[in-house]
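**Q** one predicted model, sequence on top.
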Amino acid sequence: MVGKLILTAVTAMSLALLFLILPDHANAQERAMVPLTIDGEQVRLATITYKPAGRGPFPVLIFHHGSTGGGRDPSTFGLSYDPVPLVRWFTARGFAVVLPQRRGRGGSEGLYDEGFAADRSKGYTCEEKRSLAGAEHALRDIDAVTTAILAQPFVDRSRVLVGGNSRGGILAVAWAGRHPDLPIGVVNFVGGWLGTFCSTASAVNQRLFAMGGAFHRPTLWLYGDHDPLYSIAHSQQNFERFKDAGGIGTFHVIEEPAAENGHLIDRLDTLWSNAVDSYLAALGLPHGK
């Protein structure tokens, strides 16, 4: 399916020059603004890239961010998603980790348009049609930026893992279903598009997760026991719909401490380390001893 992802903005050689080390972010090894054509528009998407020691090529994790809460505070749109504990966990095992920021997010150009109400000041809508259109908007970003990432010489294209947190988790599952021959696996942290405060949450979330059913390799689903957006019962129903659509996976409930938010388990690596190591080992990918 790699052939279906077409790099339209720059050549692989010129794109490689864009992934340069910048000194203004102490935790990130590399930041770049990657020029792409999406929906007929020339935009630059921001990426943060971490690499392990060595020359590569490396197995790579492409990890996608979630929403901005209710979507009503534009000041949060420019904040980069940079989950340092998760990144350190994967780079310690020999993975390069790339964190793309979608249109209008984290310094990326373009309109942030992932399911807003007609009056954008009201934030995200529960309306099914607009919500699904917003997810498609995000998936087109992922199509474009994944092509750019795979053009990099540090990437071992035979060992590509995709994942994400919250909206990024459900996008990773759905995207893998559309490109089933590309990633070797999917790691979904607390994935979902609409929280259960929306009456349409089950319809929207299950439709998107069902897209992932065409990915016929094992996936890993990790959900916090006290998630204010997605109850375990709701997420297990989503998982069943995914399996009904042909998907394969394992669902883990992460029992985080009471003081922690179950929607933020990506930062609690000690709680999911064993589950992810086992998953990576089963895929033949680098893992902890």
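**A** Yep, it's here. The shown structure was predicted, so the numbers you read here are calculated from the model rather than taken from an experiment.
**Q** Pro57 and Ser158 touch, don't they?
**A** No. Contact between Pro57 and Ser158 fails when scored by CB atoms under 8 Å: they sit 9.1 Å apart. C-beta here means a position set from N, CA and C on the backbone, and glycine is covered the same way.
**Q** looking only at neighbour counts, state which of those two leads.
**A** Neighbour count, other CB atoms under 10 Å: between Pro57 and Ser158, Pro57 has more, with 15 against 8.
**Q** what's the closest non-adjacent residue to that one?
**A** Asp156 (4.1 Å; CB to CB, 6 or more residues apart in numbering).
**Q** hey, where'd the strands end up in the chain?
**A** 30-38, 41-50, 58-64, 96-100, 155-165, 185-189, 218-224, 248-254 (DSSP state E).
**Q** out of the ones you listed, which one sits most buried?
**A** Burial of the strands of the chain is given as mean neighbour count (mean count of other CB atoms under 10 Å); strand 185-189 ranks first at a mean of 28.
**Q** then that strand to CSV, C-alphas only?
**A** Extracted in CSV, the C-alpha atoms of strand 185-189 (Å, rounded to 0.1, in the frame of the first residue of the first chain):
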residue,chain,number,x,y,z
GLY,A,185,1.6,-3.0,14.3
VAL,A,186,-0.6,-0.4,16.0
VAL,A,187,-0.4,0.8,19.6
ASN,A,188,-3.6,2.6,20.7
PHE,A,189,-3.5,4.6,23.9
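**Q** okay, angle between that strand and strand 248-254 too, please.
**A** Between strand 185-189 and strand 248-254, the angle comes out at 30 degrees (axes from the mean of the first three to the mean of the last three CA atoms, to 10 degrees).
**Q** what lines up beside strand 185-189 in the sheet?
**A** Partner strands and pairing direction for strand 185-189 (DSSP bridges) are strand 155-165 (parallel), strand 218-224 (parallel).
**Q** chain center to that strand: distance?
**A** Put simply, strand 185-189 sits 8 Å off its chain's centre (CA atoms, centre = their mean, to the nearest Å).
**Q** now that strand and strand 58-64, what's the angle there?
**A** Per the same axes, to 10 degrees, the angle that strand 185-189 makes with strand 58-64 is 40 degrees.
**Q** hmm, who's touching strand 185-189?
**A** Strand 185-189 has contacts (CB atoms under 8 Å, 6 or more residues apart in numbering) with 61, 161-166, 168-170, 172-173, 176, 212, 215, 217-222, 249, 265-266, 276, 279-280, 283, 285.
**Q** if you set the cut-off to 6 Å instead, what comes out?
**A** Residues outside strand 185-189 that contact it (CB atoms under 6 Å, 6 or more residues apart in numbering): 161-163, 165, 169, 172-173, 176, 219-222, 266, 283.
**Q** quick one, grab the pLDDT at the spatially most distant residue from the centre of the chain.
**A** Centroid-distance maximum for the chain: Asp119 at 26.9 Å, with CA atoms, centre = their mean. As predicted, Asp119 sits at a pLDDT of 96.
**Q** how near is it to Arg72?
**A** Here the criterion is CB to CB, to the nearest Å. By it, Asp119 lies 10 Å from Arg72.
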